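1. Sequence and predicted structure below; questions after.
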Amino acid sequence: MAEEILLTQEGYDKLAEEHEYLVSVRRIEVSEHLKEAKSYGDLSENAEYDAAKEEQADLEARINRLEYMMRNAKIVAEDEVTGEHVNLGLSVKIKDLATKEEFVYKIVGITDADPINDLISNESPVGKALLGKKVGDKVEVVIESKDASEGTVLHYQVLEIIK
């Protein structure tokens, strides 16, 4: 069964726009690079050809990923987002129970994530833990680490949901 990918309408539109550009513009450009590289002769020692083939493979992988995401997208409609629970498109003010620091994050679909600007994906560990929570709820987030034998556990409390 395919995973459901939650997106805002804006996030879905960005995916569709990127897909259209890659299919209608980049595919043609990459195809031209490939033809040009082939014209240089012996393909066994042709670095330009190898680079063009790699570029084509990367492009096709990205197109396939975008198509998968669009096919499995569930667009969260604005009228579904009441502000009673943490949901996609809403901001949430949380408190780190260990440090007492407060943070405000906006929960967005994976395509709009930008943690540096406090836009966290609903698929990130913190975003996933916060989805569906109400003001006053406490959440535990396990952050996996490649270095440590155990992950780090963070404890937050939802202070406010901002529509």
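-> Here it is on my side, so go on.
2. thinking Asp118 is in contact with Ile107, fair?
-> No. The criterion here is CB atoms under 8 Å, and Asp118 misses it with Ile107 at 10.3 Å. All C-beta atoms are positioned from the backbone trio N, CA, C, and that covers glycine.
3. out of these two, which sits in the busier spot?
-> Of the pair Asp118 and Ile107, Ile107 is the one with more neighbours under other CB atoms under 10 Å, namely 28 against 12.
4. Please name the bridge partners of that one.
-> Ile120 (DSSP bridges).
5. What of Val142?
-> Using DSSP bridges, the bridge partners assigned to Val142 are Val153.
6. same for the helix or strand hosting Ile161, what does it pack against?
-> For Ile161, the enclosing helix or strand under DSSP states H and E is strand 152-162. Counting contacts by 3 or more CB pairs under 8 Å, 6 or more residues apart in numbering; DSSP states H and E, strand 152-162 is packed against strand 91-96, helix 125-130, strand 138-143.
7. And the ones you listed: which comes nearest Leu7?
-> For Leu7, the closest of the helices and strands packed on strand 152-162 is helix 125-130, at 13.2 Å, according to CB to CB.
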